[in-house]
Each structure stands twice: as structure tokens, then as C-alpha cells.
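Chemist: Sequence and computational prediction follow.
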Amino acid sequence: MPGLPTFSSYEERAEVVKTDIFFSISIGISEAIKSIIIAIPFGFLIIDISSWWITSLYPAFTWFRMIGGFG
């Protein structure tokens, strides 16, 4: 198949290994979308940790604990 490495020599394998695996499979996706996808787990982490403290003051924030724990 055109575009796929053959791995017939060590040099070809070494060249492929230099490529970042995550972003090499996401060719055609804009940088903005990649940045958002990378930031999503950090957003859920912030929601989760901040909800621990807010729930102790205001119990209705329990829903945010569940949402943050889901991510």
C-alpha cells in the first residue's frame, strides 16, 4: 500500500519510531481540535478536585463531583 512503511530495514523502522504515534494517526485534524482533546482530562480533573471542596460548603455540588469523576 502506498504510504505505509515496509519495515524491511532497520533505518526505515528507526525513522518511523521517531514519529509521535499519537499525532501520526491524527493526520487531517486541526491543531485546535487536538489541543481541546488533550485539555479535556485536565478540565475534568479541575472540576473533580474543586467540587470536593465546594461540596463540603454546599451539598448541591455533588452533581459536579459525579460529572468530574466521569471524565
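Modeler: It's in.
Chemist: longest helix anywhere in this structure?
Modeler: In the chain, taking DSSP state H as the definition, the longest helix is helix 31-57.
Chemist: That one: what's the following helix or strand?
Modeler: Next in sequence after helix 31-57, counting helices and strands by DSSP states H and E, comes helix 62-70.
Chemist: Go ahead and name everything in contact with that following helix.
Modeler: Contact with helix 62-70 is made by Phe44, Leu45, Ile46, Ile47, Asp48, Ile49, Ser50, Ser51, Trp52, Ile54, Thr55, as judged by Cβ atoms under 8 Å, 6 or more residues apart in numbering. Just so you know, the C-beta spots here come from the backbone N, C-alpha and C atoms, and that holds for glycine as well.
Chemist: now the residues you listed: which count as buried?
Modeler: Ile47, Asp48, Ser51, Ile54 (16 or more other Cβ atoms under 10 Å).
Chemist: Would you mind measuring from the first one to Ser35?
Modeler: Which is Ile47. As judged by Cβ to Cβ, to the nearest Å, Ile47 and Ser35 stand 18 Å apart.
Chemist: Turn the contacts of helix 62-70 into CSV, columns for distance to Trp63 and pLDDT.
Modeler: Listed next are the contacts of helix 62-70 as CSV, based on distance: Cβ to Cβ, whole Å; pLDDT from 0 to 100:
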residue, distance to Trp63, pLDDT
Phe44, 14, 84
Leu45, 17, 85
Ile46, 16, 87
Ile47, 11, 79
Asp48, 12, 79
Ile49, 15, 83
Ser50, 13, 82
Ser51, 9, 79
Trp52, 13, 81
Ile54, 11, 85
Thr55, 9, 83
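Chemist: Just put these in CSV and tack on distance to Ala14.
Modeler: Converted to CSV, the contacts of helix 62-70 look like this (distance: Cβ to Cβ, whole Å):
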residue, distance to Ala14
Phe44, 37
Leu45, 36
Ile46, 39
Ile47, 42
Asp48, 41
Ile49, 41
Ser50, 45
Ser51, 46
Trp52, 46
Ile54, 51
Thr55, 51
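Chemist: Tell me where the protein is predicted with low confidence.
Modeler: Applying pLDDT under 70 to the chain picks out residues 1-3, 5, 18-26, 68, 70-71.
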